[in-house]
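Chemist: Pasting a predicted model and its sequence here:
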Amino acid sequence: MGSVDTETPLYTLAEGCPYADPATAQQFSDGSPIKGLMLLQDTQLIETLAHFSRERIPERVVHARAVGAWGEFEVTHDISHLTSAKFLSGIGTKSKTLSRISTVGPERGSADTIRDVRGWALKIFTEQGNQDFVFNDIPVFFVRDPIKFPSLNRSHKRHPATNVTDATIFWDFHSQNQEGIHALMFLFSDRGTPRSVRHVNGYSGHAYKLVAPGGTGFHYVKFHFISDQGTDTMTADEATRLAGADPDYHTADLYNSIAAGRFPSWTLKVQVMTPQQAEAYRWNVFDMTKVWPHADFPLQPVGKLTLNKNPDNYFADIEQAAFSPSTMVPGIAPSADPMLQARMFAYPDAARYRLGANYQQLPNNRPAAPVYSPYERDGRASINGNYGGDASYVRATATRAVAFASSGSKTASAFTPGITAHDVWALGSVAEYTSDVVEDDFVQARAFWRDVLGSQPGQQEHFVSNVAGHIGLANRGVWETTFGMCLSFSPPFFILRSLSAWSL
Ligand code: HEM
């Protein structure tokens, strides 16, 4: 499988031929002390240079910068009445995991401590196949219409002409798409500059479905991985200083913590809602700009994630990892949230572009469960034997797939996604749609300002100075519109005082 043999580290060329010295190249010489001219026959030199030119793969278009580790998920509270997912059934059930925690906007070589949302991706290797959770460290998102996602991200990245990140395009996007106000408030609170990746939570944001054993009964859930280290943050000044002085600060922190045996952990909790509650709820459960207040739907503990092993090799384990919201085991299902539906297409599509059509066969992505998927075969770098002579078309009269499905351990029904009540839709018609921003979109933002930031001394002031420090670089028209948006959640005198303190 091309793995490196660490037992006998005899240096060879990539094809396995032993070679005396990796630091030599063949040069033409007539015996004089001046040597030059290389030879096309020098396989070692040519292969070394050619491989170097091909070391880069496309970085992720978002979430390029990250840190990751292996770990373990253990069930602490049985929820087998809610879901048939086996990795969630039975207290003490353990599964191997792979985590990747990222910033979102900037490139792979950027600094760890910049103000940004943190991505929080987890792959759980279960006996029913892989379960991926591709979450963020804030519970709400900036948009709820997937068509806006590329625009959102471009407004956080570099200006197309100057190639510089640009406060004007950032605030222009957000002041013209105000449904993101709640997420923006998280970003510009000190939560936007976490102390370490050990100190961030992971939130599904979307509603998912947990599907009950054997049937179509289901509940909507939101998943919350709550850091057992607590959520700790930095001030803007500290984060900015570290971005220059120690740009790999979070990466080193996680690596050193695991290497020292201080294993960070997270408690998985769920908020659970019946379909009837969803239909009657005050907020659209498919709108991920909204939280479900804990007072309405309390957090119920499920299990514990512990990161206990550093990557053996960053590129192989973390850079080549592919996470997707579409990777779900039986017992967990998508809701109709349009953002989630779009994401289920986008991630495997990105992985095929970034890693190739057979990315699931890479050792770090490969399921622990048996895989038999003979209708996906060939393609670049197929390394799983490519199903030999097995039938390559469905309904073949003699296939190993039939034998496999009826062999007992996995029945055909185990592979059929449950069709639940909320998958049956009344006949409608196709229409162009974009969601409007309404007064209701500011209710939770106001509560965040008052009850969350207001409950911690100095946090409202930090929020205002964090915004002012950034928006001060935007053009006047944009900050005036943004200022109007801020009035929707905060008393004007406070904002005015703070903005004038920043000479705006
Ligand atoms: C329509 C909305 C969205 C689209 C189209 C989208 C698309 C993408 C794409 C293309 C990538 C790069 C994947 C790769 O190259 O492997 C990515 C990464 C990621 N996204 Fe999204 N995204 C969306 C919304 C979200 C939301 C709402 C969340 C969190 C709740 C999220 C969390 C993440 C994370 C954590 C990663 C990094 C995964 C990793 O570590 O490999 N995204 N997204």
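Modeler: Arrived safely. Numbers count the residues shown, from 1 in each chain.

Chemist: Next, the buried residues of stretch 436-447.
Modeler: For stretch 436-447, the neighbour count (16 or more other C-beta atoms under 10 Å) marks 441-445 as buried. Using the backbone N, CA and C atoms, a C-beta is placed for each residue, glycine as well.

Chemist: Up against the ligand, what does the stretch 301-450 of the chain have?
Modeler: 321-323, 339, 342-343, 346-347, 350-351, 354 (C-beta under 6 Å from any ligand atom).

Chemist: one step back: I'd like the buried residues of stretch 436-447 as JSON lines, with secondary structure and pLDDT appended.
Modeler: Below are the buried residues of stretch 436-447 laid out as JSON lines (DSSP: H, G, I helix; E, B strand; the rest coil; pLDDT from 0 to 100):
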{"residue": "Asp441", "secondary structure": "helix", "pLDDT": "95"}
{"residue": "Phe442", "secondary structure": "helix", "pLDDT": "94"}
{"residue": "Val443", "secondary structure": "helix", "pLDDT": "95"}
{"residue": "Gln444", "secondary structure": "helix", "pLDDT": "96"}
{"residue": "Ala445", "secondary structure": "helix", "pLDDT": "94"}
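
Chemist: Can you list which of the residues of the stretch 301-450 of the chain next to the ligand are found in helices?
Modeler: Residues of those located in helices (DSSP state H): 339, 342-343, 346-347, 350-351, 354.

Chemist: Unless I misread the structure, Gln131 falls within a helix.
Modeler: No: per DSSP: H, G, I helix; E, B strand; the rest coil, Gln131 lies outside any helix segment and is strand.

Chemist: Tell me which residue of this structure lies closest to the ligand.
Modeler: Here the chain gets closest to the ligand at one residue, Gly119, 2.7 Å apart by C-beta to the nearest ligand atom.

Chemist: just to revisit the earlier point, show me which of the residues of the stretch 301-450 of the chain next to the ligand are buried.
Modeler: Buried residues within these, defined by neighbour count using 16+ other C-beta under 10 Å: 321-323, 339, 343, 346-347, 350-351, 354.

Chemist: May I have the helix or strand where Gln277 lies exported as PDB, CA atoms only?
Modeler: Taking DSSP states H and E as the criterion, Gln277 maps to helix 275-280. Extracted C-alpha coordinates of helix 275-280, given in PDB (Å, rounded to 0.1, in the frame of the first residue of the first chain):
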ATOM      1  CA  PRO A 275     -41.700  16.700  14.700                       C
ATOM      2  CA  GLN A 276     -44.900  18.200  16.200                       C
ATOM      3  CA  GLN A 277     -42.800  20.600  18.300                       C
ATOM      4  CA  ALA A 278     -40.900  21.600  15.200                       C
ATOM      5  CA  GLU A 279     -44.100  22.400  13.300                       C
ATOM      6  CA  ALA A 280     -45.400  24.600  16.100                       C
END
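
Chemist: in the following helix or strand past it, what's buried?
Modeler: The C-terminal neighbour of helix 275-280 among helices and strands, as given by DSSP H and E, is strand 300-309. By neighbour count on 16+ other C-beta under 10 Å, the buried set for strand 300-309 is 302-307, 309.

Chemist: and if you look at stretch 68-82?
Modeler: Neighbour counts using 16+ other C-beta under 10 Å place 68-75, 79-80, 82 of stretch 68-82 among the buried residues.

Chemist: now that stretch, how far from the chain's geometric center?
Modeler: 18 Å (C-alpha atoms, centre = their mean, to the nearest Å).

Chemist: quick one: the helices in the stretch 351-500 of the chain?
Modeler: Under the criterion DSSP state H, counting those that start in this stretch, helices of the stretch 351-500 of the chain are mapped to 400-405, 443-447, 459-471, 476-486, 492-501.

Chemist: tell me which element Ala252 is part of?
Modeler: Here Ala252 is assigned to helix 249-259, by DSSP H and E.

Chemist: Can you verify my assumption that Thr97 contacts Lys123?
Modeler: Yes: with contact defined as C-beta atoms under 8 Å, Thr97 counts as touching Lys123 (6.4 Å).

Chemist: Those two: who's more crowded?
Modeler: Lys123 (26 against 23; other C-beta atoms under 10 Å).

Chemist: How many residues are close by Ser326?
Modeler: Neighbour count for Ser326, taken as other C-beta under 10 Å: 17.

Chemist: From Ala23, how far out is the nearest residue to it once chain neighbours are set aside?
Modeler: Excluding the flanking residues, the one nearest Ser326 by C-beta to C-beta, 6 or more residues apart in numbering is Met344, at 3.8 Å. Going from Met344 to Ala23 by C-beta to C-beta, to the nearest Å gives 49 Å.

Chemist: Looking at these two, which is more packed in?
Modeler: Remark: of Met344 and Ala23, Met344 carries more neighbours, 16 against 6, as counted by other C-beta under 10 Å.

Chemist: Might you report the residue contacts of the more buried one?
Modeler: 324-326, 334 (C-beta atoms under 8 Å, 6 or more residues apart in numbering).

Chemist: so which two of those are the farthest from each other?
Modeler: By the measure C-beta to C-beta, Ser324 and Pro334 form the most distant pair in the contacts of Met344, at 11.4 Å.

Chemist: quick revisit: between the ones in helices among the residues of the stretch 301-450 of the chain next to the ligand, which is closest to Gln41?
Modeler: Arg354 (35.1 Å).

Chemist: The closest one against Val62, yeah?
Modeler: No: at 11.8 Å, Arg354 does not count as touching Val62 under the criterion of C-beta under 8 Å.

Chemist: Identify the residue nearest Pro374 in space, chain neighbours excluded?
Modeler: Tyr387 (4.1 Å).

Chemist: right, I mislabeled it, should have said Gly379
Modeler: Gly379's closest residue in space is Ala357 (C-beta to C-beta, 6+ apart), at 3.6 Å.

Chemist: That neighbour: how many residues sit nearby?
Modeler: Per other C-beta under 10 Å, the neighbour tally for Ala357 reads 16.

Chemist: Just confirm Pro150 is within a strand.
Modeler: No: counting by three-state DSSP, Pro150 is located in no strand; its state is helix.

Chemist: buried residues in the helix or strand encompassing Leu98?
Modeler: Using DSSP H and E, Leu98 maps to strand 94-103. Buried residues in strand 94-103, defined by neighbour count with 16+ other C-beta under 10 Å: 95, 97-103.

Chemist: Can you give me the buried ones in stretch 232-242?
Modeler: Result for stretch 232-242 [16+ other C-beta under 10 Å]: buried residues 233-234, 236, 239-240, 242.

Chemist: Return the alpha-carbon coordinates of it using PDB.
Modeler: Extracted C-alpha coordinates of stretch 232-242, given in PDB (Å, rounded to 0.1, in the frame of the first residue of the first chain):
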ATOM      1  CA  ASP A 232     -11.600  30.500  27.000                       C
ATOM      2  CA  THR A 233     -10.800  33.500  24.800                       C
ATOM      3  CA  MET A 234      -8.100  36.100  24.100                       C
ATOM      4  CA  THR A 235      -8.500  39.800  23.800                       C
ATOM      5  CA  ALA A 236      -8.100  41.300  20.300                       C
ATOM      6  CA  ASP A 237      -4.800  42.800  21.300                       C
ATOM      7  CA  GLU A 238      -3.400  39.500  22.500                       C
ATOM      8  CA  ALA A 239      -4.600  37.600  19.500                       C
ATOM      9  CA  THR A 240      -3.200  40.200  17.100                       C
ATOM     10  CA  ARG A 241       0.200  40.100  18.900                       C
ATOM     11  CA  LEU A 242       0.400  36.300  18.800                       C
END
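
Chemist: mind checking how far that stretch is from the chain centre?
Modeler: Relative to the chain's own centre, stretch 232-242 is displaced by 23 Å; criterion: C-alpha atoms, centre = their mean.
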